[in-house]
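Engineer: Provide a 3D model corresponding to the input given below.
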Amino acid sequence: MPETRRLAIVGYGKMGRLIEQFAAQYGFEVVLKLDEFNNTQFEGITAENFRGIDVAIDFSIPAAVPRNVEGIAALGVSIVIGTTGWLEHVDAVKAAVEKHGIGLVWSPNFSIG
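Structural biologist: Below you'll find the model as predicted:
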């Protein structure tokens, strides 16, 4: 049986909840959910919270993406960005990814319909 991968969802809105709903079917266990109630000032991005996490998915807000990526990358966790509207910060995001040697996948649209 394949090993279950541990997932963090950063931005627990409609898409974050949808990811959580289907995660187990694809071999993921959601072990951390960060949103406006526990990560307003990026306080949820800690080594303790991300210990053992294989990948993070960011569905937050455009202004938060650079700080989310920098913080999560510094912890050595690769990231998938599903947030739209953050591309004005692409240089900062690229720099964080390169500096910390993590993987990054992003798409401008994860919406089904």
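Engineer: Poorly predicted segments of the chain, please.
Structural biologist: Counting by pLDDT under 70, the chain shows low-confidence ranges at 1-2, 109-113.
Engineer: Would you mind listing the residues in contact with the closest residue to residue 73 other than its chain neighbours?
Structural biologist: Leaving aside its sequence neighbours, residue 73 sits nearest to residue 100 (C-beta to C-beta, 6 or more residues apart in numbering; 3.9 Å). Bear in mind the C-beta positions are built from the backbone N, C-alpha and C, glycine included. Residue 100 sits next to 73, 74, 76 when contact means C-beta atoms under 8 Å, 6 or more residues apart in numbering.
Engineer: Okay, and the beta partners of residue 79?
Structural biologist: Under DSSP bridges, the beta-bridge partners of residue 79 are residue 56, residue 104.
Engineer: quick one: the strands in this protein?
Structural biologist: For the chain, applying DSSP state E gives strands covering 5-10, 28-34, 55-58, 78-81, 104-106.
Engineer: Take these and write them to a markdown table, including mean neighbour count and distance to residue 93.
Structural biologist: What follows is the strands of the chain, written out as a markdown table (neighbours: other C-beta atoms under 10 Å; distance: least, C-beta to C-beta, whole Å):
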| stretch | mean neighbour count | distance to residue 93 |
| --- | --- | --- |
| strand 5-10 | 22 | 14 |
| strand 28-34 | 19 | 18 |
| strand 55-58 | 23 | 10 |
| strand 78-81 | 20 | 8 |
| strand 104-106 | 15 | 7 |
